[in-house]
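Peer 1: structure of the sequence below:
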Amino acid sequence: MASPTEIFNQILAIIKRLTLTQQIVAAGIIVLLLGGLFSLVFMGGKQNNSVLFSGLTPEDASAVVTKLKEQNVPYQLAEGGTVILVPSGQVYDMRLSMAGQGLPRGGGVGFELFDKSSLGTTDFVQRLNYQRAIQGELARTIRQFSQVKDARVHIATPKESVFIEDTKPPSASVSLTMVGREKLAGNEIQAIVNLVASAIAGLSSENITVVDTAGHLLYRKEGDEDSLLSATQLEYQMKIEKTLRLKVQSMLEEVVGFDRASARVTADIDFSQEEMTEENYDPDGQVIRSEQLLTEQDGGGESAGGIPGVKGQLATFTEAGGEGGGAAGLRRNNVVRNYEITRTTRRVQGASGGVKRLSVAVMVDGTYDQVEGKDGEMTRTYVPRSPEEIAWFMKMTKNAIGYDEERGDQVEVVSMPFHISSIVEPKPDKMEKWSALIEKVAMPLILLIVAGTFLLFIVKPVVRLISEQKFLSEAEGPVGELAGGAVMDEEEDLSLKPRAMTDKERIYKLAQSDPERAADLVRRWLREET
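Peer 2: Just a heads-up that it's a prediction; the model follows:
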């Protein structure tokens, strides 16, 4: 086996035999190859981190980082310390480990405050810690709303009194930090109020105030069902207006271009409810409901006789000719019939939320012509829309909103120049569609090119030089033997001639099998002789 010194000397000899151009190309390829290998090692050794937790409060971020340091887990902080990244292979293990330790807590303190309690804690401190824990747990729960970035809850608990008339109810206030320009709907605010009221004994929703950090009062003591209904009605009205506006604006933008049409809709909604009871009677539809028949008959008698007393006197009084003689009997029939008339009762309750009137205002940008000025510069000149186009736009707008003239709907369409700076045509990124492909295949392609270039310009010349050395060693043997044969005796001369011819034939055969190498060998011999 060759020693390192011999290998180094062979490499130097090979380099010396290369031309200047080949040496420069070889040096460049070696540098490129080393750079590619270094990049591959650097990129391969770089850790691929993933998000462990995001949206952390400073308290939670500090606690998580402390636990990661204790476990010797590498981490990175991003977005101002609210996001913690760890190696991708350890994300789920770390999440389970942190969950076992109660992290993240969501900011503030909760019932974990009682995990470490001392025997010497006073009753006042216990009540104070309980209030802090309730406030922290409520704040964590409120933060679960997607629109809420942070929340703080303050509870005011009055001192208990032995007299009922001196007892005061507790109160609470909630401060919300919203995410960007997000807003809470009326029912979501009411849900927060009910959540706080249900978590504290004796607290009613009338004693809760909800505000945001922008100074807006979201809920006050007068917030009852009527105010909640008003908020719901306002939300319903805004939803109708937004839906109609998007219909009109998206339709016009398909004709005039993106962001070159603007629409505003005002809807007058009728939230009143009507209840009507109607009764109809059919006089022709009579039926007998009940019937009562009474028949009375009174027979004749003597005028001087009869029953003494009042009955006798009344009976005598009713006779037509009662002068001591017999009279005819009295008969009376009394019929009472009750009729039922057909009656129809209808109760109608009208639904609320109907549209009473719509008002729509539409602005459409005109067209712009390129006009060459006196100084030769091209300027844009505004050209308003034609009356025919305005009429078409108005017709399309009316059809989109369900225009009703009897309802008193109004639609106005005008052509006005939009602010030029608001018309920004996005520049297409030529490399955007290729970026993903380049990221995936760039490094393998570079390595493939480097490897191919290395094989073509380094390995192939080296193999070629080694083959030439072998060829030289094989060719010098027969030539040396031919030169040595000249000094032999004449007796041996005859015996050497056939052998010399055989060696020559061998040299010729080698030259015929690889003429290019033979030519290089001859040129090298000529250079050595000169």
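
Peer 1: helix, strand, or coil at the residue minimising distance to the centre of the chain?
Peer 2: Closest to where the C-alpha atoms of the chain average out (Cα atoms, centre = their mean) is Ser146, at 10.7 Å. Using DSSP: H, G, I helix; E, B strand; the rest coil, the structure places Ser146 in coil.

Peer 1: go on, Leu184?
Peer 2: When classified by three-state DSSP, Leu184 comes out as coil.

Peer 1: then Leu447?
Peer 2: Secondary structure, three-state DSSP: Leu447 is helix.

Peer 1: that one: neighbour count?
Peer 2: Counted by other Cβ atoms under 10 Å, the residues lying close to Leu447 total 15. (Each C-beta comes from the backbone N, C-alpha and C, glycine too.)

Peer 1: now do the contacts for Leu218.
Peer 2: When contacts are counted by Cβ atoms under 8 Å, 6 or more residues apart in numbering, Leu218 touches 176, 184, 189, 210-212.

Peer 1: helices of the stretch 201-350 of the chain, start to end?
Peer 2: Shown for the stretch 201-350 of the chain, the helices assigned by DSSP state H, counting those that start in this stretch span residues 225-256, 310-317.

Peer 1: could you pull out the strands in the stretch 151-300 of the chain for me?
Peer 2: 171-178, 208-212, 217-219, 261-270, 275-298 (DSSP state E, counting those that start in this stretch).

Peer 1: so which of those is nearest Leu456?
Peer 2: strand 261-270 (61.8 Å; Cβ to Cβ).

Peer 1: looking at it, the residue nearest to the centre of the chain is touching Val179, isn't it?
Peer 2: Yes. Counting by Cβ atoms under 8 Å, Ser146 touches Val179, with 7.4 Å between them.

Peer 1: the closest residue to Val348 other than its chain neighbours and Arg346, how far apart?
Peer 2: Distances taken as Cβ to Cβ, 6 or more residues apart in numbering put Met276 closest to Val348, at 4.6 Å, once the chain neighbours are dropped. Met276 sits 8 Å away from Arg346 when distances are taken as Cβ to Cβ, to the nearest Å.

Peer 1: which ones are touching Glu296?
Peer 2: Counting by Cβ under 8 Å, 6+ apart, Glu296 makes contact with 330-334.

Peer 1: in TSV, list those residues along with neighbour count.
Peer 2: Converted to TSV, the contacts of Glu296 look like this (neighbours: other Cβ atoms under 10 Å):
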residue	neighbour count
Leu330	14
Arg331	10
Arg332	9
Asn333	9
Asn334	9
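
Peer 1: closest to Glu241 among those residues?
Peer 2: Checking the contacts of Glu296 one by one against Glu241 (Cβ to Cβ), the nearest turns out to be Asn334, at 73.2 Å.

Peer 1: and the pLDDT at the residue lying closest to the closest one once chain neighbours are set aside?
Peer 2: Spatial nearest neighbour of Asn334, excluding adjacent residues (Cβ to Cβ, 6+ apart): Leu294 at 3.8 Å. Note on Leu294: pLDDT of 82.

Peer 1: what of Asn207?
Peer 2: On the pLDDT scale, Asn207 is placed at 85.

Peer 1: Pro169 is in contact with that one, correct?
Peer 2: Yes. Using Cβ under 8 Å as the test, Asn207 is close enough to Pro169 to be in contact (5.8 Å).

Peer 1: between these two, which one's more packed in?
Peer 2: Taking neighbours as other Cβ under 10 Å, Asn207 and Pro169 compare with Asn207 leading, 18 against 12.

Peer 1: for the more buried one, what are its contacts?
Peer 2: Going by Cβ under 8 Å, 6+ apart, Asn207 touches 169-172, 221.

Peer 1: any chance of CSV for the residues you listed, columns distance to Ala451 and pLDDT?
Peer 2: Shown next, in CSV, are these (distance: Cβ to Cβ, whole Å; pLDDT from 0 to 100):
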residue, distance to Ala451, pLDDT
Pro169, 81, 84
Pro170, 77, 88
Ser171, 76, 89
Ala172, 71, 90
Lys221, 78, 63
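
Peer 1: ranking the residues you listed by neighbours, who comes first?
Peer 2: Counting neighbours by other Cβ under 10 Å, Ala172 leads the contacts of Asn207 with 23 neighbours.

Peer 1: beta partners for that residue?
Peer 2: Beta-bridge partners recorded for Ala172 (DSSP bridges): Ile155, Ile208.

Peer 1: wait, doesn't it sit right on Ser198?
Peer 2: No. The criterion here is Cβ under 8 Å, and Ala172 misses it with Ser198 at 11.4 Å.

Peer 1: just confirm Glu408 is within a helix.
Peer 2: Quick fix: residue 408 reads Gly, not Glu. No. Remark: Gly408 does not belong to a helix; assigned using three-state DSSP, it is coil.

Peer 1: how about the secondary structure of the closest residue in space to Arg132 that isn't next to it in sequence?
Peer 2: Of all residues not flanking Arg132 in the chain, Val109 sits nearest, at 5.8 Å (Cβ to Cβ, 6+ apart). Recorded secondary structure, Val109: coil (three-state DSSP).

Peer 1: next one: the residue nearest to Asn334 from Met94, what distance?
Peer 2: Per Cβ to Cβ, Leu294 is found 102 Å from Met94.

Peer 1: of the two, which one has the most company?
Peer 2: Shown here are Leu294 and Met94; by other Cβ under 10 Å, Met94 has more neighbours (21 against 9).

Peer 1: so, low pLDDT: which residues of the stretch 151-300 of the chain?
Peer 2: Across the stretch 151-300 of the chain, the ranges flagged by pLDDT under 70 are 221-231, 285, 299-300.

Peer 1: quick one: Pro74 and Val86 touch, right?
Peer 2: Yes. With contacts counted by Cβ under 8 Å, Pro74 reaches Val86, the gap being 6.9 Å.

Peer 1: the more surrounded of the two?
Peer 2: Val86 (22 against 12).

Peer 1: excluding sequence neighbours, find me the nearest residue to that one.
Peer 2: Take Val86 and drop its neighbours on the chain: the residue closest to it by Cβ to Cβ, 6+ apart is Leu52, 4.8 Å away.

Peer 1: quick check, that neighbour in contact with Pro74.
Peer 2: No. In this structure, Leu52 is not within contact of Pro74 by Cβ under 8 Å, at 11.3 Å.
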